[in-house]
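Student: Fold the following.
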Amino acid sequence: MVAHLLTCPSLRPSLPPSLLFLRPYVETWADGLQVLRYNESKAYINHLDYLEVNEQADHDFDSGREGGTNRFATVLLYLTDVEQGGETVFPYGQKVEGEALSLEEASAKAKALGLTAALQPGSWQEAMMGECINRLAVQPKKARAVLFYSQKEDGMVDEKSLHGACPVVKGVKWAANLWVWNGPRYGYNPRQRERAVAAAEEGGKEEGREGEDDS
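Tutor: Below is the predicted model:
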């Protein structure tokens, strides 16, 4: 997982035809822009943006082989400042500043600082707060964006892209994310087509054998 922090001079009411002025936006190679709102105490559990591979699906999500496509990168845009909390945390990422603590020490510190006061005791949100102050975490700031990759160079899923949204302690968090694919995001699964052709050929052979028996 490689993460980049981007800063835009301004958030313009009307975005240009390119995404962050980098290259033309291709609608079929990205999911629609999703706008997010997190009120106080709201969070999102750690997860991967890479979609689970399903051999029976109409689309081949295995981006590690020819013809397969999946979410390649995520651009997360922060639309507002957040007074406290609401970071984007990467549990496998190393903390940039300060001494790394054990999970127990980090959880105890979060409680001592009053960061978990509005959270349900024993909840995943409370446990997550320990990660938020002890692992790689990006603070939401208006006009900032985080870019990270869900795939390795060979197209396989990068488990280190695991991430989550930390609970908002004070304020309201507004953000938007864009998932960019390594190819067209949905289509006909070539593996299904191969199976269908093989089944049709086998069916033809069976009919041929039945015809020979009848004669």
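Student: Output the lowest mean pLDDT helix or strand found in the protein.
Tutor: strand 18-19 (a mean of 50; mean pLDDT, DSSP states H and E).
Student: Show me where this structure has its strands.
Tutor: 3-7, 18-19, 23-24, 34-38, 44-47, 71-78, 84-85, 88-90, 136-138, 144-149, 163-165, 168-170, 173-181 (DSSP state E).
Student: Can you check which of those gets nearest to Glu97?
Tutor: strand 136-138 (10.5 Å; C-beta to C-beta). In short, each C-beta sits where N, CA and C put it, glycine included.
Student: Starting from that closest one, tell me which strands it pairs with and how they run.
Tutor: For strand 136-138, the paired strands and their directions (DSSP bridges) are strand 88-90 (antiparallel).
Student: Ends of stretch 28-42, what's the gap?
Tutor: 31 Å (C-alpha to C-alpha, to the nearest Å).
Student: Report the buried residues of that stretch.
Tutor: Neighbour counts over stretch 28-42 (16 or more other C-beta atoms under 10 Å) mark Ala30, Asp31, Tyr38, Glu40, Ser41, Lys42 as buried.
Student: Quick one: residues contacting Gly183.
Tutor: Trp29, Ser63, Thr69 (C-beta atoms under 8 Å, 6 or more residues apart in numbering).
Student: Quick check: of those, which lies closest to Ser161?
Tutor: Out of the contacts of Gly183, the member with the shortest distance to Ser161 (by C-beta to C-beta) is Ser63, at 12.9 Å.
Student: residues in contact with stretch 104-118?
Tutor: Stretch 104-118 is contacted from outside by 40-41, 84-85, 101, 125-127, 129-134, 167, 169, using C-beta under 8 Å, 6+ apart.
Student: Got a PyMOL select line for the buried ones in these?
Tutor: Of these, the buried ones go into a single PyMOL selection, burial set by 16+ other C-beta under 10 Å:
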select buried, resi 40+41+85+125+126+129+130+131+132+133+134+167+169
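Student: What segments of the protein are helices?
Tutor: For the chain, the helices defined by DSSP state H occupy 103-112, 124-132, 190-214.
Student: Mean pLDDT lowest where, among these?
Tutor: The weakest mean pLDDT among the helices of the chain belongs to helix 190-214, with a mean of 61.
Student: can you count the residues close to the closest residue to Thr88 other than its chain neighbours?
Tutor: Leaving aside its chain neighbours, Thr88 sits nearest to Val138 (4.7 Å; criterion: C-beta to C-beta, 6 or more residues apart in numbering). Using other C-beta atoms under 10 Å, Val138 is surrounded by 22 other residues.
Student: My guess is Val138 contacts Glu87. True?
Tutor: Yes: contact criterion C-beta atoms under 8 Å: Val138 and Glu87 qualify, at 5.9 Å.
Student: tell me which residues in stretch 111-119 are buried?
Tutor: Here stretch 111-119 shows Lys111, Leu115, Thr116, Leu119 as buried, counting by 16+ other C-beta under 10 Å.
Student: Show me which of the residues you listed is closest to Lys142.
Tutor: Leu115 (21.9 Å).
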